[in-house]
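**Q** Predicted coordinates and the sequence they were generated for:
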Amino acid sequence: MDIKDKPPPYKFEPISVNSKTRPVDHSMDKAFKNPNHSDPVQLSPLAKKVRAVHQHLDQLPDIRNAKVAEIKKRLDEGTYRVDTQKVAAKLIQEALMNDYWRDNGESAD
C-alpha cells in the first residue's frame, strides 16, 4: 500500500501564544512548599472502623507457624482429616456474608 500521496486523516493546528495573559495566583505556594502543611481530614465512622481493623491485621503474623507445623506433622503421620461438614458450613457462611455485604454494605456499620 502506497501512502506517499495521501494527506493525513487529521489536521494539525498551529500553536499560538495568547496575548491576553492573567497574573499567576501564588496563594497556594506556601502550602506546596511547606511539607508540614496539611489539610484537615475527617473520616466517617465506617472508615474509622476499617482503619482500626487494618491496623489490627497489620500486627498479626502472616503465617501461623505453630498451626502450619501441626498440620504438616499430621499430614506426615497420615492422621490429618478434613471435616467436610465444617468446610461446607464455612463456604455457605462466606457466601451468605458476601451476599449481605453486597446488598447492605453501605448501611452495615
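**A** In hand now; what should we look at?

**Q** per-residue confidence averaged over the helix or strand containing Lys86?
**A** Using DSSP states H and E, Lys86 falls within helix 84-104. Averaging the model's pLDDT scores along helix 84-104 yields 92.

**Q** now do stretch 50-61
**A** Stretch 50-61 comes out at a mean pLDDT of 91.

**Q** just the CA coordinates of it, formatted as CSV?
**A** C-alpha atoms of stretch 50-61 as CSV (Å, rounded to 0.1, in the frame of the first residue of the first chain):
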residue,chain,number,x,y,z
VAL,A,50,-11.9,-0.2,58.7
ARG,A,51,-8.7,1.6,59.7
ALA,A,52,-8.8,0.0,63.1
VAL,A,53,-9.3,-3.4,61.6
HIS,A,54,-6.4,-2.8,59.1
GLN,A,55,-4.1,-1.7,62.0
HIS,A,56,-5.0,-4.8,64.0
LEU,A,57,-4.5,-7.1,61.0
ASP,A,58,-1.1,-5.5,60.3
GLN,A,59,0.0,-6.6,63.8
LEU,A,60,-0.9,-10.3,63.1
PRO,A,61,1.7,-12.6,61.6
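
**Q** In three-state terms, how would Val50 be classified?
**A** helix (DSSP: H, G, I helix; E, B strand; the rest coil).

**Q** what number of residues lie near it?
**A** Counted with other Cβ atoms under 10 Å, residues neighbouring Val50 total 13. C-beta here means a position set from N, CA and C on the backbone, and glycine is covered the same way.
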